[in-house]
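J.: Fold the stuff below for me.
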Amino acid sequence: MSRVLRMLRSRRNVFTLGRQVNGGAAEPVADPSVVRIQHVRFKRKVFRPWNVAGAGLMVFFCYHIYKGAIWGPLDKFLDDELASMSAEERRELAGVDKNGRKVKNTEDILSIPLPFTTRMVKQPPYAGNSPEWKAFVKLSKDNELRAKIENDVCNVVQRLLQNSTFLTNRLGKEMRVSRKMLTFNYPNRPPSVFMRKNIVVDDATISITEKPVHPWVQTRIMQALWPSALAVSLWTFSGALVKQNMDSAARLLGIEQSGLSSSNVSLAVEQVDRKLKEIASSKTFSSPNFPPTPGSKPEGTANGGLPSNTSSASREKSTEPTTASVDRPLPSDPSALSDKMLSAKDLYLIKVTQEHTSGPWQKFKQSLGLHWKPKQTCLPQPGSIAITGLVSFEAPHAYITCEVKIWYNAVSKAYEMRSSTVRVKEIQPKRQVPLMK
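T.: So this is what the prediction gives:
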């Protein structure tokens, strides 16, 4: 029955087959108001167990290779280090004491210093039963130890002088101690301590606490952030330049430099007013450095022309450039000149600037030499004594006298070289000749 019904359906038009095969006119655009519903079928991913098995085997092999190549040697190294540690180091690593009790960790996880919060705290004096004072008393009674310290100080200074090529090239390298005058200074109190605030993050809280700073670190920070000598010198330069400009302005206004009293000011105002009236009353104002005004006549004949006896040579001479009239000579070496030579105006401005700032620049150099100090040393550790005095050395060509200040820690019996200073005070040559014959 279905075959019979299938035969009764309408056949395709024979005349439209060519258009359907070869393409014809574009089909009409569907109306957007018409809703067309299309069925979409989503294809699900097929589970493939071979992919999972291959990925598992790859992870297994990579893990074994990583464990054998990296974790194996590392575990062996840690086991060897643990076996070589003492019992005390093992307890410290485990965080327990001798009785097996857990020790609380007091170390901070993170500490952030706060800038501009550093202050110097003065320490209390040494007590009679303190270990530092006992070490001072013991050292003061031991003459042999003090003699040994003096010899060590002389040897240290001698090595410093011999390592200086500037001195050895002029005075010779062979040196011996000729005289020494050293004293032991026992301080009554330990050096001051630098305290700085920090943001501390520990296991339980976040807080702001004050912690000590090493003197050497604080000294380097102060040298980098507070260049006091340069700041004072720049301030002196600026003050001298401003004072010079004010004096120049006062001279232009007719004010005497001795003072600015009311009579001087009134007299200066009258003089300036009179000069301004004279300038305003004059019809023309010309200067030798500027061209004449249109109403003025050039020097020469009465009719304003050139003199009749002016020759062609004088005309050619008058047309030559006048750049050679600059009072600053140019360098004679052509290689010293740049590709673009400085004009007369630039040379004049450079010369005027140098002359104008010569006085303040001398003030700057004087202030810098007055306030400049050698490299600042850090404060010594508590329990240190100062060995100060003069040490004189004899070189092949001169005598050298040095001023020393060496710190010696009586508790740890070590020298504080970061806090010590050695300065050459005088060099006296053995043979002197007159400078003028």
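J.: which residues touch residue 393?
T.: By C-beta atoms under 8 Å, 6 or more residues apart in numbering, the residues touching residue 393 are 157-158, 161, 175-178, 399-402. Any C-beta I mention is one placed from the backbone N, CA and C, and that applies to glycine too.
J.: from those residues, which ones fall inside strands?
T.: Mapping those onto strands (DSSP state E) picks out 176-178, 399-402.
J.: all strands of the stretch 301-437 of the chain, in order?
T.: 384-394, 398-409, 414-429 (DSSP state E, counting those that start in this stretch).
J.: Taking strand 414-429 as reference, get the angle to the first one.
T.: Translated: strand 384-394. Strand 384-394 runs at 30 degrees relative to strand 414-429, counting by axes from the mean of the first three to the mean of the last three C-alpha atoms, to 10 degrees.
J.: how is this protein carved up into domains?
T.: 50-91, 119-214+378-429 (automatic domain parsing).
J.: Pick out the shakiest of the ones you listed, pLDDT-wise.
T.: Among these, domain 50-91 has the lowest mean pLDDT, at a mean of 87.
J.: Tell me the span between the first and last residue of it.
T.: End-to-end span of domain 50-91 (C-alpha to C-alpha, to the nearest Å): 52 Å.
J.: roughly how far is it from the heart of the chain?
T.: Put simply, domain 50-91 sits 47 Å off its chain's centre (C-alpha atoms, centre = their mean, to the nearest Å).
J.: cool, and stretch 88-105?
T.: Relative to its chain's centre, stretch 88-105 lies at 45 Å (C-alpha atoms, centre = their mean).
J.: For stretch 167-180, buried residues please.
T.: The neighbour-count criterion (16 or more other C-beta atoms under 10 Å) identifies 167-168, 171, 175, 180 as the buried residues of stretch 167-180.
J.: Now do stretch 407-422: distance from first to last residue.
T.: 11 Å.
J.: Name the residues of it that are buried.
T.: Those would be 407-410, 415-416, 419-420, 422, for stretch 407-422 by 16+ other C-beta under 10 Å.
J.: now swap in stretch 144-154 and tell me
T.: For stretch 144-154, a neighbour-count test (16+ other C-beta under 10 Å) marks 146, 149-150, 153-154 as buried.
J.: Tell me the confidence at residue 354?
T.: Reported pLDDT for residue 354: 82.
J.: So it versus residue 347, what's the distance?
T.: Counting by C-beta to C-beta, to the nearest Å, the gap from residue 354 to residue 347 is 11 Å.
J.: again, but for residue 407
T.: Counting by C-beta to C-beta, the gap from residue 407 to residue 347 is 57 Å.
J.: and what of residue 237?
T.: 24 Å.
J.: which helices and strands does the lengthiest helix in the chain pack with?
T.: Taking DSSP state H as the criterion, the chain has its longest helix at helix 228-252. When contacts are defined as 3 or more C-beta pairs under 8 Å, 6 or more residues apart in numbering; DSSP states H and E, helix 228-252 packs onto helix 358-371.
J.: Turn the buried residues of stretch 407-422 into TSV, including distance to residue 270.
T.: Formatted as TSV, the buried residues of stretch 407-422 follow (distance: C-beta to C-beta, whole Å):
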residue	distance to residue 270
407	70
408	75
409	76
410	78
415	75
416	71
419	67
420	68
422	66
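J.: farthest-separated two in those residues?
T.: Largest separation among the buried residues of stretch 407-422 by C-beta to C-beta: 410 and 422, giving 20.7 Å.
J.: now stretch 411-431: how far from the chain's centre is it?
T.: Offset of stretch 411-431 from its chain centre (C-alpha atoms, centre = their mean): 29 Å.
J.: circling back to that earlier point, which of the buried residues of stretch 407-422 sits closest to residue 225?
T.: Using C-beta to C-beta, those come closest to residue 225 at residue 419, 20.8 Å.
J.: With adjacent residues omitted, what lies nearest to that closest one?
T.: Using C-beta to C-beta, 6 or more residues apart in numbering and skipping the chain neighbours, the partner closest in space to residue 419 is residue 380 (4.1 Å).
J.: mind listing the helices for the stretch 101-250 of the chain?
T.: 131-141, 143-162, 165-171, 215-225, 228-252 (DSSP state H, counting those that start in this stretch).
J.: which residues make contact with the shortest one from outside it?
T.: By that I understand helix 165-171. Outside helix 165-171, the residues touching it (C-beta under 8 Å, 6+ apart) are 161-162, 395-398, 400, 424, 427.
J.: Residue 363: neighbour count?
T.: Using other C-beta atoms under 10 Å, residue 363 has 18 other residues around it.
J.: now do residue 143
T.: Counted with other C-beta under 10 Å, residues neighbouring residue 143 total 8.
J.: Residue 365 now?
T.: A count of nearby residues for residue 365, using other C-beta under 10 Å, gives 13.
J.: and residue 180, how far is that from residue 409?
T.: Distance from residue 180 to residue 409, by C-beta to C-beta: 21 Å.
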